[in-house]
Structures are given as C-alpha cells and as structure tokens.
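*Asks:* Quick one: sequence plus predicted model below, questions after.
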Amino acid sequence: MPRHYSAEFRQRALRMLEEAAPDHVNDTAALRHVGSRLGVAPETLRKWRQRYETDAGLSDDQPSSDEQAEIKRLKRENAELRRANEILKSASAFFAKELDRPTPR
C-alpha cells in the first residue's frame, strides 16, 4: 500500500537530492543514494522532482498540478452533461411517441 509523505518531507528529500547530485556520476546514482538514506524508492524521488519541476514551470513535459485538477474537473462535468443529454434524448423520444399516438374519442 502506498505511503503518504508530508510536503515538508518531500521538500527535504528534493533539497538533499539537489545537494547530492554534484557528488555522483549521474542522476540515477544520486537518486539511489538519497533514496536509501531516506527509505524512499529512487523512482518516487524521480517523480517528486519531475512534479516539482513541472509545477515550478521549469519543465513543460506534463500539465501542472493545477492544470491536472482542472482537466479532471472538466472531464467529470463533461461526463455529467453527456448523461443529462442521454436522459433528455430518451425523454423527448418518449414524449414524441405520446404525441404521435391517436387519441380515442
């Protein structure tokens, strides 16, 4: 089960990663070193750094957290509107049939 880390812990880990980077041959080595000291998987650290860079505007690879939240909200709204549209189509078809039916006199 995934563990949830506090924002302070993540910031501290990213600072440690930034400080350790010059002492290592490549990013992977720095990620492994800092990850082992903090008990965090290197991939988790890499994702935290990627998210930080995206949110700070340093990378345009992915939408920022705010943009992702807006996209998620718009997708929910779009799905709700599609459901409402289907209901309205069904209702209009039902009432159209009622209007076409001959009335007994």
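*Replies:* Received it, and whenever you're ready, just let me know what you need. Numbering: from 1, shown residues only.
*Asks:* domain parsing for this structure?
*Replies:* In the assignment given by automatic domain parsing, the structural domains of the chain cover 1-62, 63-105.
*Asks:* Distance from the one helix or strand residue 87 maps to to the middle of the chain?
*Replies:* Element membership for residue 87 (DSSP states H and E) is helix 65-100. Centre-to-centre, helix 65-100 and its host chain are 23 Å apart (CA atoms, centre = their mean, to the nearest Å).
*Asks:* now swap in stretch 6-16 and tell me
*Replies:* Put simply, stretch 6-16 sits 20 Å off its chain's centre (CA atoms, centre = their mean).
*Asks:* among the domains of the chain, which is the most enclosed?
*Replies:* domain 1-62 (a mean of 13; mean count of other CB atoms under 10 Å). For the C-beta atoms, the positions are set from N, CA and C on the backbone; glycine is no exception.
*Asks:* what's the closest non-adjacent residue to the residue positioned nearest the centre of the chain?
*Replies:* For the chain, residue 68 is the residue whose C-alpha lies nearest the centre (CA atoms, centre = their mean; 5.1 Å). Among residues not flanking residue 68 along the chain, residue 62 sits closest, at 8.0 Å (CB to CB, 6 or more residues apart in numbering).
*Asks:* Was I right to think the one you found contacts residue 53?
*Replies:* No. Using CB atoms under 8 Å as the test, residue 62 is too far from residue 53 to be in contact (9.4 Å).
*Asks:* Now stretch 66-83: average pLDDT?
*Replies:* Across stretch 66-83, pLDDT averages out at 94.
*Asks:* In PDB, could you pull the C-alpha coordinates for that stretch?
*Replies:* Taking C-alpha atoms only, stretch 66-83 is exported to PDB below (Å, rounded to 0.1, in the frame of the first residue of the first chain):
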ATOM      1  CA  ASP A  66      -3.500  22.900 -11.100                       C
ATOM      2  CA  GLU A  67      -4.000  22.100 -14.800                       C
ATOM      3  CA  GLN A  68      -4.400  18.400 -14.000                       C
ATOM      4  CA  ALA A  69      -7.100  19.200 -11.400                       C
ATOM      5  CA  GLU A  70      -8.900  21.400 -13.900                       C
ATOM      6  CA  ILE A  71      -8.800  18.700 -16.500                       C
ATOM      7  CA  LYS A  72     -10.200  16.200 -14.000                       C
ATOM      8  CA  ARG A  73     -13.000  18.600 -13.100                       C
ATOM      9  CA  LEU A  74     -13.800  19.200 -16.700                       C
ATOM     10  CA  LYS A  75     -13.900  15.500 -17.500                       C
ATOM     11  CA  ARG A  76     -16.300  14.900 -14.600                       C
ATOM     12  CA  GLU A  77     -18.500  17.800 -15.800                       C
ATOM     13  CA  ASN A  78     -18.400  16.500 -19.400                       C
ATOM     14  CA  ALA A  79     -19.500  13.000 -18.300                       C
ATOM     15  CA  GLU A  80     -22.400  14.500 -16.300                       C
ATOM     16  CA  LEU A  81     -23.500  16.600 -19.200                       C
ATOM     17  CA  ARG A  82     -23.400  13.500 -21.500                       C
ATOM     18  CA  ARG A  83     -25.600  11.600 -19.000                       C
END
